[in-house]
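any chance you could fold what I've pasted below:
(one chain, ligands or ions: 1)
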Amino acid sequence: MNKLKTLLQLVLLLVGGATFHQTTPAQNRSDRALINEARRITNDDFSFTGQTSKGARIYAVNQPNSRMLDAIDQGLTDLFAIARENNYQRRLNYSDYTIFIAKADRTTNREKVYSPDIAVSAAQYAGSVYDQGGFVYAAGMVLAYNPCAFVFAEHTRDFQRVSDVVRYEGEHLVLYHNDRRFYQRTADHSRGGGHPILK
Ligand SMILES: [Zn+2]
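Numbers count the residues shown, from 1 in each chain. All right, here's what the predicted structure looks like:
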């Protein structure tokens, strides 16, 4: 995997890629299983454990600063507001969310815009325009639905993007728990559609 990651770094320098993310359904994960899944997907160790001031649970490769944590809370606040407008009521507590902050596998996208993303297996995106040769760059990725968990990359600036990624990953989780049919229609971006889903 280390060799693969080195290869990815080289490849990303050459080709860049589109920003998007994918989801992998998983349910009823214990914390240990969740951490193992995050490690498997990112090849990172999540040595920092903590929470945001509003109570979202955090696992991170490095201790996040307050701007990062506040941006996460803001993304969840935005998510809960739009969810309530759609009359969704389940999983609208900060403590319902477990968020992993991984190392960025790239920090700029193909257009040279700051875009910390993670490289993940191409899965259903294999052969699509996103496919970088067995992997794709993702802004974030859902890890589990019970508890609600997702992963995205460390940011050192553009914290608005952090809030956006949190809100967008959270959309899939809120929909899963509140509107399963809508969730199923919007979960797989390889068939089209993006974010925001909730308006
Ligand atoms: Zn999505």
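
what are the pairing partners of the top strand by length along the chain, and which direction each?
If each strand of the chain is counted by residues according to DSSP state E, the longest one is strand 135-144. If you go by DSSP bridges, strand 135-144 pairs up with strand 20-23 (parallel), strand 114-121 (antiparallel), strand 148-153 (antiparallel).

and the helices in this structure?
2-15, 31-42, 66-85, 159-178, 180-186 (DSSP state H).

just give me the residue right at the centre of this structure.
Closest to where the C-alpha atoms of the chain average out (C-alpha atoms, centre = their mean) is residue 140, at 2.3 Å.

which strand residues bridge that residue?
According to DSSP bridges, beta-bridge pairing links residue 140 with residue 152.

tell me how far it lies from residue 89.
Distance of residue 140 to residue 89, given as C-beta to C-beta, to the nearest Å: 24 Å. C-beta here means a position set from N, CA and C on the backbone, and glycine is covered the same way.

list the contacts of the residue nearest to the centre of the chain.
By C-beta atoms under 8 Å, 6 or more residues apart in numbering, the contact set of residue 140 is 21, 118, 150, 151, 152, 165, 166, 168, 169.

one more pass at 6 Å, please.
21, 150, 152, 165, 169 (C-beta atoms under 6 Å, 6 or more residues apart in numbering).

what do you get for residue 61?
Counting by C-beta under 6 Å, 6+ apart, residue 61 has contacts 44, 103.

just the pLDDT at residue 135, thanks.
Looking at residue 135, its pLDDT reads 88.

who's in contact with it?
Counted by C-beta under 6 Å, 6+ apart, residue 135 has contacts 119, 122.

rerun that using 7 Å as the cut-off
8, 119, 120, 121, 122 (C-beta atoms under 7 Å, 6 or more residues apart in numbering).
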